[in-house]
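Participant: Return atomic coordinates for the entry below.
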Amino acid sequence: MYHVIINPASRSGRGQRIWKEQIEPALQREQVAYSAHFSEKPGDTVRIVADLFCRKQGDVSLIILGGDGTVNEALQGMDDTGRAVLGYIPTGSSNDLARDLKIPKKPLEALDLILHSGRIRPMDLGLLTYPDGEKRRFAVSCGIGFDAAVCQEAMHSGIKDTMNRMGLGKLTYLGIALRQLFAARAVSGKLTPEGAAPVDIGNMLFTACMIHRFEGGGFMFAPRALDNDGILNLCAVGDLSKFFILFALPTAFYGKHYRFRGITPYQAKALTIETSMPLWVHTDGEVTRRSDRIRVSCEQDALRIVAPAR
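Facilitator: As a prediction, this is how the structure comes out:
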């Protein structure tokens, strides 16, 4: 039995139609046993998944029809991620998880992968812990600073949905990114990898902790990241003028940003990030709060996911 979680608002409101016109008829044609669950507002997917894991013993086979944020909410509802077998039909605006796993963009091709041609394999997850003990898992990345501030403003932007419907969603993020960049205040940061000496980052713009290579709709912040090695790949940006950042960030689409002094890669199984003032924090683009101290760790092989054979 597949439990299909649908975000109707995904793909600029076309998620519902993709389900009704493509995915549900295909499941019925193939006589696949399924139950459908609809996420109407933030927090619904967490509640739906938590209820499924509470009611069902053993493995839970999920299919997520939505974006990276919907997958992130699903992770928060799992009492034991080792019980989940996750299939993903990417219909979000970023789809960085699908991009790195090479899951097809077309919904029916993604469904065929889940039902027939894909293989179930283990994947690492990240774990973010706040000083008060609150924890959040992530599948793609988490970040503190500029990248999270862009996500936070985009989540509450009145024009985001309109621009997405016009196929110009990336312009929304570009405009927000430029505004956030020039509004950013000088903040000092310190990275302390577990078992290693601290690293000071002056005028830190952001630090991204990556499970996968891509974040933010295709920025290859971690070109060497592997999703099953138990390691976080970090991209720390600081001590770089805003003028040069304008030139450096576009090169991240091709993973060439480390040629710029002030953009530095690190690796760690776990680390603590401290900043001189509270900054926005995101997990897979989902932003819930600010903090001036976070602990981030990698949980190796924590989730089973259906992906193309490598």
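Participant: So which residues of the chain form strands?
Facilitator: Using DSSP state E, the strands found in the chain span residues 2-6, 34-38, 60-66, 84-90, 119-129, 135-138, 141-145, 189-193, 199-201, 204-210, 232-238, 263-268, 270-283, 286-307.
Participant: Show me what the fourth one is packed against.
Facilitator: Helices and strands in packing contact with strand 84-90 are listed as strand 60-66, helix 68-76, helix 96-101, helix 107-112, strand 286-307; criterion 3 or more CB pairs under 8 Å, 6 or more residues apart in numbering; DSSP states H and E. Quick note: C-beta positions are derived from backbone N, CA and C, even for glycine.
Participant: cool, the fifth one as well?
Facilitator: Taking 3+ CB pairs under 8 Å, 6+ apart as the contact definition, the neighbouring helices and strands of strand 119-129 are strand 135-138, strand 141-145, strand 270-283, strand 286-307.
Participant: quick check, distance from the first one to the centre of its chain.
Facilitator: In terms of CA atoms, centre = their mean, to the nearest Å, the centre of strand 135-138 is set 11 Å apart from its chain centre.
Participant: Output that strand in PDB with nothing but the alpha carbons.
Facilitator: Below are the C-alpha coordinates for strand 135-138, written out as PDB (Å, rounded to 0.1, in the frame of the first residue of the first chain):
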ATOM      1  CA  LYS A 135      15.300  19.400  16.200                       C
ATOM      2  CA  ARG A 136      14.600  19.500  12.500                       C
ATOM      3  CA  ARG A 137      15.700  16.900   9.900                       C
ATOM      4  CA  PHE A 138      16.700  17.900   6.300                       C
END
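Participant: how many other residues sit next to the nearest residue to Gln22 once chain neighbours are set aside?
Facilitator: Once flanking residues are discounted, Gln22 sits nearest to Pro107: 5.1 Å by CB to CB, 6 or more residues apart in numbering. Neighbourhood size, Pro107 [other CB atoms under 10 Å]: 21.
Participant: Count the residues that sit near Thr264.
Facilitator: 17.
Participant: Make sure it is actually in contact with Ala236.
Facilitator: Yes. Thr264 is in contact with Ala236 according to CB atoms under 8 Å; the separation is 5.0 Å.
Participant: anything in contact with each of the two?
Facilitator: Ile201 (CB atoms under 8 Å, 6 or more residues apart in numbering).
Participant: buried sites along stretch 99-114?
Facilitator: Neighbour-count burial for stretch 99-114 flags 99-101, 103-104, 107, 110-111, 113-114 (criterion: 16 or more other CB atoms under 10 Å).
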